[in-house]
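Enquirer: Could you look at this predicted model? Sequence included:
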Amino acid sequence: MSDPSAFTPKKFAVVGAGPVGCIVAAFLARGGYEVTLCDVVQALIDPALDPGIVIEGAENLQQKVKRVCRSIDDLADIRPDVIIITVKANVLPLLSSAIEGFLQEGQYVVSWQNGIDTEREIAKTLGTLPVMRAVVNYGCGLVKPGHVKMPFHHAPHYLQELDPESKPAAQAIAAAFTQAGLLTEATDKIVSMVWRKAVLNACMNPVCAVTGYTMAQAMNDPIVFNIVDSLVKECVKIARANEIDLGWDFYPNAIAYMRHAGDHKPSMLMDIEAKRRTEIDFMNGKFIEYGQQAGIETPFNVMIRGLVKAIEPK
């Protein structure tokens, strides 16, 4: 049996060559780690080999990765120490089943995603021992394959294991991210952090998706802001009913944060514009689910999830 306390990750696989995946792949490769970037779309991964991933904005760098591949099955021969999942949450069941086919003791899987309970979805297939959850604090958008715009980078990022036995491994992975330039701290409060970020995403992303507004436009339109504000209050109520600790001053801080979010499009709006399915089920869908669990009506979340579902590609 491998010893998590002796874990020193050297080989990383990043699943998903969207903007989130490109950023973590480029930073890890620049930090000297062996990085494989995996995506089913060949055009998305080719630039990572030549000329390299380009990041501009809050961070600026250009970095090649060691290899790319188009299939999760290819990772079986590569045997990465850590697999970082950055794809949309709605593909997690299929993705987890593919990883289950080759994952061995001493390999770990990190959910580097938005939404609530993504790590639990992975653990349904892989168990809790190898699975970890991260909360990532940077904004990004894809200019073109391999070229990412990064409007803000508010480190640190956070990481926590699901099984206490894997805590030393989580600390080692966080140290690797930090060494690579993505300051990351191991934490024991990841659930609260996930929910605090999820409330912000669930209140802003779907509203922008259905209106076509940037975040700044949504906050500055008094009628649209009322919808955002109502969603914040409803999500806070659901969190408190489920004993999720957001902090006593979460509401005013959330509103203040969103008022300074900037004039950029959230990922859900970009998904709708690109005719892709969204992560609405792991955002507002989860608030509806947890509201039902606590016996709370969730009319604003039900409404906004329905509107996003109506404009998603069928």
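Expert: Arrived safely, thanks for sending.
Enquirer: Below-threshold pLDDT in the chain: ranges please.
Expert: 1-5 (pLDDT under 70).
Enquirer: mind redoing it with 80?
Expert: Within the chain, the segments meeting pLDDT under 80 span 1-5, 261-262, 314.
Enquirer: in it, which spans are strands?
Expert: Ranges of strands within the chain are 11-15, 34-38, 53-57, 61-63, 67-69, 82-85, 108-111, 131-135, 138-144, 147-153, 157-161, 184-186, based on DSSP state E.
Enquirer: Throw those into TSV and include distance to residue 124 and mean neighbour count, thanks.
Expert: For glycine as for every other residue, the C-beta is placed from the backbone atoms N, C-alpha and C. As requested, the strands of the chain are arranged in TSV below (distance: least, CB to CB, whole Å; neighbours: other CB atoms under 10 Å):
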stretch	distance to residue 124	mean neighbour count
strand 11-15	17	26
strand 34-38	21	25
strand 53-57	32	21
strand 61-63	34	16
strand 67-69	25	18
strand 82-85	14	26
strand 108-111	12	25
strand 131-135	10	26
strand 138-144	28	18
strand 147-153	31	18
strand 157-161	17	23
strand 184-186	24	19
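Enquirer: now those strands as TSV including distance to residue 102?
Expert: Below are the strands of the chain laid out as TSV (distance: least, CB to CB, whole Å):
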stretch	distance to residue 102
strand 11-15	11
strand 34-38	13
strand 53-57	26
strand 61-63	27
strand 67-69	13
strand 82-85	10
strand 108-111	12
strand 131-135	15
strand 138-144	29
strand 147-153	29
strand 157-161	21
strand 184-186	26
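Enquirer: just so I know, which of those strands lies nearest residue 262?
Expert: strand 147-153 (5.9 Å; CB to CB).
Enquirer: Run the chain-centre distance for the closest one.
Expert: 15 Å (CA atoms, centre = their mean, to the nearest Å).
Enquirer: Stretch 109-125 too?
Expert: 9 Å.
Enquirer: Send me it as CSV with only the CA atoms.
Expert: Output in CSV follows, covering the C-alpha atoms of stretch 109-125 (Å, rounded to 0.1, in the frame of the first residue of the first chain):
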residue,chain,number,x,y,z
VAL,A,109,-8.2,12.9,-9.1
VAL,A,110,-8.9,16.6,-8.5
SER,A,111,-12.2,18.3,-9.4
TRP,A,112,-11.0,21.7,-10.6
GLN,A,113,-14.5,22.8,-11.5
ASN,A,114,-17.5,25.0,-10.7
GLY,A,115,-20.7,23.8,-9.1
ILE,A,116,-21.7,22.0,-6.0
ASP,A,117,-21.0,18.3,-5.3
THR,A,118,-18.8,17.7,-8.4
GLU,A,119,-16.3,15.8,-6.2
ARG,A,120,-19.1,13.6,-4.8
GLU,A,121,-20.2,12.8,-8.4
ILE,A,122,-16.7,11.5,-9.1
ALA,A,123,-16.5,9.6,-5.8
LYS,A,124,-19.6,7.7,-6.7
THR,A,125,-17.5,5.8,-9.1
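Enquirer: How about the contacts made by the residue positioned nearest the centre of the chain?
Expert: The centre of the chain sits closest to residue 113, judged by CA atoms, centre = their mean, with a distance of 1.7 Å. Counting by CB atoms under 8 Å, 6 or more residues apart in numbering, residue 113 makes contact with 20, 85, 86, 87, 88, 89, 279.
Enquirer: Residue 233 - how many residues pack around it?
Expert: 15 (other CB atoms under 10 Å).
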